[in-house]
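Engineer: model this:
(2 chains)
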Amino acid sequence: MKFDAATADSRCGTLDPHALANLRRFGEGRGSETLDALVGTFAGEAIERVARMRTAIQIGDFDTVAITAHNLRGASLSVAGTLLGASCARLQALAGEKDQNRCTSAINDLEQEAGRLIAELRRTLVHGTFEKSAE
Amino acid sequence: MTILIVDDSATMRMLLRRDLRVAGWEDVEEAPDAASALRVLSTSDVSLVLSDWHMPSMTGLDLLERVRNESNETRFGFVTCEASDKERVQALRAGAQFLITKPVDHEDLSHHIRLALGMDIEGYSGRTGAEERTLQDVLTRLFQRPVSVAPAPPPRRELVRTVAEYKTDRSEVETACAVIEMPLAAAFGCALGRIPGKGATEWASAHNLTDSVEKNFMEVANVLAAFVSAASGHYVLHGVDYVGEGGLVDREKEKKGWEDCVQIDIAGYPAGRLGIIR
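Structural biologist: The predicted structure is shown next:
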């Protein structure tokens, strides 16, 4: 199957096209390995931060929740994750209100969105670029 | 020339390092937090720090204050997720050269770094850091707002011109042509209360010298001449005249060469470039 950027992009409308174009340039000349490393780094970071925020919510450390959500938001937006960025912003706001129940609900949503984003990044960038470069 | 990236996100450090490499900066150090950054700064000759704002333990602003306690020479830029007007003012007041938001546009990043470092900029006259700070001080006092000044390429967009005569320290009268971009001209007008603030961006983006701007231009020109005079001790303002309603710089003038081309950012107003042709 050949890579079709248009199809891939329509499949993942949650990705910010401008940031996505920047990411494609990230791998230029160096194949999919670099993008694989980038997506892998982001995935590890997202998993670690979700776990950190979940623990912080449980113990009522809302400052840690807010700053971690803020930082994950920056990385998310930089890897084209508009929806995950919005989830992070929502959790950051809820942490400001120190609302444990709503924070718990928000971290569940955020975790799901992070999983979707990582899968889309792998499908769109890593596999897509590899097949494109193999044409 | 070393650039230090400070961000607790490994993803961001990877992306920024890549952007810097593409822009030609290979000598890049990384730190995952402010404390590590301070250790790098104590052992390496870092020209510019590129820091996140919100980090655990010590914020980017705290880091900037620590850096400024040691040196005014190290350039400092923030790369942050979002920035309120209050944070932008805080950043400039604390001595940052720029603040940009994520996701980072790599061309924008490169532009700001080059301005901050004064590197490879066409027409750059070789201002020293001390002169930039003098000009910054004068403008800050004048506008009562945080101001940043950095070396810049000559102005190229819609321009407003003035001709000012100066007496040199040898009592010879010289003529200087000051060229200013519309956004900055409008900013000066706004800062002086002559042009409503919300109109500045529209005027600037329209690239059109309106009647309102014209009416206030003498004031703008006087301000311009005043700070040029104050920033260059051997020049004394002799007179200022308004010579036209903008446009490109005369080729003849341009041949003489630019001096003192700077980017000026006044907090709360559109930024712009100012150039002097002598």
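
Engineer: what's the closest non-adjacent residue to residue B:18?
Structural biologist: Excluding its sequence neighbours, the residue lying closest to residue B:18 (CB to CB, 6 or more residues apart in numbering or on different chains) is residue A:26, at 5.5 Å. C-betas here are computed from N, CA, C, even on glycine.

Engineer: Please determine how far that neighbour is located from residue B:262.
Structural biologist: Noted for residue A:26: a distance of 33 Å to residue B:262, by CB to CB, to the nearest Å.

Engineer: who's more crowded, these two?
Structural biologist: The residue with more neighbours, out of residue A:26 and residue B:262, is residue B:262; 27 against 21, by other CB atoms under 10 Å in any protein chain shown.

Engineer: what about stretch A:52-68 and chain B, any contact?
Structural biologist: Yes. Judged by CB under 8 Å from any CB of the partner chain, stretch A:52-68 and chain B are in contact via A:64, A:67.

Engineer: Buried residues in that stretch, which are they?
Structural biologist: Across stretch A:52-68, burial judged by 16 or more other CB atoms under 10 Å in any protein chain shown covers A:53-54, A:56-57, A:62, A:64-68.

Engineer: For chain B, which residues are neighbours of chain A?
Structural biologist: Taking CB under 8 Å from any CB as the test, the list of chain B residues beside chain A reads B:8-12, B:14-15, B:18, B:22, B:52, B:54-56, B:80-81, B:102-106.

Engineer: Return the members of the residues you listed classed as buried.
Structural biologist: B:8-12, B:14-15, B:18, B:52, B:54-55, B:80-81, B:102-104, B:106.

Engineer: if you look at the residues of chain B next to chain A, which of them are in strands?
Structural biologist: Counted as lying in strands by DSSP state E, out of the residues of chain B next to chain A, are residue B:80.

Engineer: which residue packs closest to whichever residue of chain A sits closest to chain B, ignoring adjacent ones?
Structural biologist: Using CB to the nearest CB, residue A:74 is the residue of chain A that sits closest to chain B, at 3.8 Å. Leaving aside its sequence neighbours, residue A:74 sits nearest to residue B:81 (CB to CB, 6+ apart; 3.8 Å).

Engineer: what about the chain, any weak spots by pLDDT?
Structural biologist: If you meant another chain, say so; for now it's chain A. Residues of chain A meeting the criterion pLDDT under 70: A:1-14, A:27-33, A:127-135.

Engineer: actually chain B
Structural biologist: B:84-86, B:88-89, B:115, B:118-135, B:137-139, B:141-144, B:154-183, B:185-260, B:268-271, B:276-278.

Engineer: Please repeat the previous calculation with a cut-off of 80.
Structural biologist: B:71-73, B:82-95, B:97-98, B:105-108, B:111-112, B:114-147, B:149-278 (pLDDT under 80).

Engineer: Find the closest residue to chain A in it.
Structural biologist: Taking CB to the nearest CB, chain B has residue B:81 as its residue nearest chain A, at 3.8 Å.

Engineer: give me every residue that touches that residue.
Structural biologist: Counting by CB atoms under 8 Å, 6 or more residues apart in numbering or on different chains, residue B:81 makes contact with A:70-71, A:73-74, A:77, B:53-54, B:101-102.
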